[in-house]
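Engineer: quick one: sequence and predicted model below, then my questions.
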Amino acid sequence: MSADLSKPLLKVDNINKQFGSTVACDDISFELWPGEILGIVGESGSGKTTLLRSIAGLIEPDSGSISYAGDGELVEVDKLPEPALRQLQRTEWAFVHQHPRDGLRMNVSAGANIGERLMANQWRHYANIRAEALKWLEAVEIDASRIDDLPRTFSGGMQQRLQIARNLVTRPKLVFMDEPTGGLDVSVQARLLDLVRGLVRDLGLSAIIVTHDLAVARLLSTRMMVMRKGEVIEQGLTDQILEDPQAPYSQLLVSSVLQV
Amino acid sequence: MTVALRIRQLRKQFVLHTQNGAVLDVLQGVDLDVKPGEIVALCGPSGAGKSSLLKAVYGTYRVDGGEIIIAHNGREIDLTAANPREIVDMRKRSIGYVSQFLRVIPRVSTLDIVSNGAIELGAGPEKARMDAVSLLERLRIPAALHELSPLTFSGGEQQRVNIARAMSSPKSLMLFDEPTASLDPQNRQTVLSMLRDLADQGTAVLGIFHDPADRAEIGAREVTMEQIREPEHA
């Protein structure tokens, strides 16, 4: 909460990533500041998920560097030893996958899914862990009676909310989200958006959200980057991008949204 | 500084790439000053660029030339040269914008929407909610609606919620795009007196009001888009 507002939380410099001859990320640089929610939009195949996974340390970029300032100075996370990176990913960072099954352990209970991350953060007492898990189930609107059930007995929307609880329980400083509302019913999407926005506000966290849904980006993000063919073609405040898009592709993207 | 807003030689052009590169010159060298405590009404026919000027001053439209100087934290800042973070900070403290339409997240209660701005600026949640209730009461939003999402409200109710939200944490410069457009006479009267109070407390107001009676009632200085445009385009 007492975030240092005088320097960026994350600094991404010249990220490049190719798959064979396909360029997924073409020399991408940007900064993320404490409390900012950055939306990355673009069509399928534009490289946005690859960029997110590269920054979060889930895949290795071909070149470039990623620096993160936790409590102290900016540290190049791509130079951290593997265990230190894993520790960061389990504590101050969180990654919400598009498909809940990629982010949950499907063969352990809902409560254990939440508790696991707490234990990685040195929580020891079973009763405390269970109480915290219950608190988070309530926060994501899952009935407390489901705490011992396996996630595979949950609906898609519930699984996604459980994944969010599992990720946010350790109060991370930086959350990566890959299409968090993809594949959900519209009504479930609205609940999830409301939930995410409330948590972002209450916990004071920063986030990078990849989405192809401009309505999601409008409601959640303060700033946006538009990607196409591995390049960032335009960036600015969310209202600037949506109401005054300048690049031809951004204009096409914005004008193609169906009005309801 | 004696002005809250100083606009010089402001230019904005839209290049519509999806429509054969059509070019629209919406602002052609606009000059305008607004003082603290003053209400300025932008006049002119539809399409004259009134709303575009408000959006440029709020930083939503990225302009092609000129300056927008705004008093912020005791300094004069040129918004056209500010980076996104600086614009966000200016919006938090120094520039407010009230569009005709309410845009909110589904499921968030009216009271939360109206009190949020004050809470973000550091007000205690209890105090912010009490202030929000009295604003909503003054704007005749029935108490039964306060805990509901405004998305199902009527157009006039939504517009009043939007105004209540802006009034809960007013900035030193407030921009209003037709704040009385869908209001009945009684609510119109309430909103106009709130605007007048706001200016009397030192806020600079720049707005669009279609009804000349509204402009007269709040003592607005009227400027037409033609008057403030560069002479060779006038």
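Structural biologist: Right, received. Where do you want to start?
Engineer: got the residues of chain B near chain A?
Structural biologist: Chain B comes close to chain A at residues B:14-18, B:55, B:59-62, B:84-85, B:87-88, B:103, B:105-108, as judged by CB under 8 Å from any CB of the partner chain. Heads up, the C-betas are built off the backbone N, CA and C, glycines and all.
Engineer: can you say which of the residues you listed are buried?
Structural biologist: B:14, B:17, B:55, B:59-61, B:84-85, B:87-88, B:105, B:107-108 (16 or more other CB atoms under 10 Å in any protein chain shown).
Engineer: need the max-distance pair from those.
Structural biologist: Put simply, by CB to CB the two of those set farthest apart are B:17 and B:107, 36.3 Å from each other.
Engineer: please name the nearest non-neighbouring residue to residue A:113.
Structural biologist: Leaving out its chain neighbours, the residue that sits closest to residue A:113 by CB to CB, 6 or more residues apart in numbering or on different chains is residue A:166, at 4.9 Å.
Engineer: residue in the stretch 1-150 of chain A nearest to chain B?
Structural biologist: The stretch 1-150 of chain A approaches chain B most closely through residue A:33 (6.0 Å), counting by CB to the nearest CB.
Engineer: contact partners for that residue?
Structural biologist: Contact analysis of residue A:33 by CB atoms under 8 Å, 6 or more residues apart in numbering or on different chains lists A:5, A:8, A:9, A:206, B:85.
Engineer: then residue A:217?
Structural biologist: Residue A:217 neighbours (CB under 8 Å, 6+ apart): A:39, A:41, A:209, A:211, A:224, A:238, A:242.
Engineer: cutoff 7 Å now
Structural biologist: By CB atoms under 7 Å, 6 or more residues apart in numbering or on different chains, the residues touching residue A:217 are A:39, A:41, A:211, A:224, A:238.
Engineer: mind listing the helices for the stretch 51-200 of chain A?
Structural biologist: With helices called from DSSP state H, counting those that start in this stretch, the stretch 51-200 of chain A shows them at A:82-90, A:100-103, A:110-120, A:126-139, A:156-168, A:186-203.
Engineer: which helix runs longest in chain B?
Structural biologist: Longest helix of chain B, by residue count under DSSP state H: helix B:185-200.
Engineer: now do the strand or helix carrying residue B:117, average pLDDT.
Structural biologist: Using DSSP states H and E, residue B:117 maps to helix B:110-120. Averaged across helix B:110-120, the pLDDT comes to 92.
Engineer: output it in PDB with nothing but the alpha carbons.
Structural biologist: Taking C-alpha atoms only, helix B:110-120 is exported to PDB below (Å, rounded to 0.1, in the frame of the first residue of the first chain):
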ATOM      1  CA  THR B 110     -24.700   4.300  -7.000                       C
ATOM      2  CA  LEU B 111     -23.400   5.300  -3.500                       C
ATOM      3  CA  ASP B 112     -20.000   3.700  -4.200                       C
ATOM      4  CA  ILE B 113     -19.800   5.400  -7.600                       C
ATOM      5  CA  VAL B 114     -20.600   8.800  -6.200                       C
ATOM      6  CA  SER B 115     -18.300   8.500  -3.100                       C
ATOM      7  CA  ASN B 116     -15.400   6.900  -4.900                       C
ATOM      8  CA  GLY B 117     -13.700  10.100  -6.100                       C
ATOM      9  CA  ALA B 118     -13.600  11.600  -2.600                       C
ATOM     10  CA  ILE B 119     -12.200   8.400  -1.200                       C
ATOM     11  CA  GLU B 120      -9.500   8.300  -3.800                       C
END
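Engineer: by how many degrees do that helix and helix A:186-203 diverge?
Structural biologist: On the basis of axes from the mean of the first three to the mean of the last three CA atoms, to 10 degrees, helix B:110-120 is oriented at 30 degrees to helix A:186-203.
Engineer: and the next helix or strand after helix B:110-120, what other elements does it pack with?
Structural biologist: Moving toward the C-terminus from helix B:110-120, the next helix or strand (DSSP H and E) is helix B:125-138. Other elements packing on helix B:125-138 under the criterion 3 or more CB pairs under 7 Å, 6 or more residues apart in numbering or on different chains; DSSP states H and E are helix B:110-120, helix B:155-168.
Engineer: how about helix B:125-138: buried residues?
Structural biologist: Quick answer for helix B:125-138 (16+ other CB under 10 Å): B:128, B:129, B:131, B:132, B:133, B:135, B:136, B:138.
Engineer: also stretch B:223-232?
Structural biologist: B:223, B:225, B:228, B:229.
Engineer: likewise for stretch A:113-129?
Structural biologist: A:113, A:114, A:115, A:116, A:117, A:118, A:129.
Engineer: local confidence estimate at residue 20?
Structural biologist: Using chain A here. As predicted, residue A:20 sits at a pLDDT of 94.
Engineer: nope, chain B
Structural biologist: Residue B:20 is given a pLDDT of 92.
Engineer: what's the mean pLDDT across stretch B:214-226?
Structural biologist: The average pLDDT within stretch B:214-226 is 95.
Engineer: could you dump it to PDB, C-alpha only?
Structural biologist: Taking Å, rounded to 0.1, in the frame of the first residue of the first chain, the C-alpha atoms of stretch B:214-226 are listed here in PDB:
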ATOM      1  CA  ASP B 214     -29.600  28.300 -18.500                       C
ATOM      2  CA  ARG B 215     -26.600  30.400 -19.500                       C
ATOM      3  CA  ALA B 216     -28.200  33.500 -18.300                       C
ATOM      4  CA  GLU B 217     -29.300  32.000 -15.000                       C
ATOM      5  CA  ILE B 218     -25.800  31.000 -14.000                       C
ATOM      6  CA  GLY B 219     -24.200  34.200 -15.200                       C
ATOM      7  CA  ALA B 220     -22.100  32.500 -17.800                       C
ATOM      8  CA  ARG B 221     -19.800  34.400 -20.100                       C
ATOM      9  CA  GLU B 222     -20.800  33.300 -23.600                       C
ATOM     10  CA  VAL B 223     -18.200  32.700 -26.200                       C
ATOM     11  CA  THR B 224     -18.900  31.300 -29.700                       C
ATOM     12  CA  MET B 225     -16.500  28.900 -31.300                       C
ATOM     13  CA  GLU B 226     -16.200  31.400 -34.200                       C
END
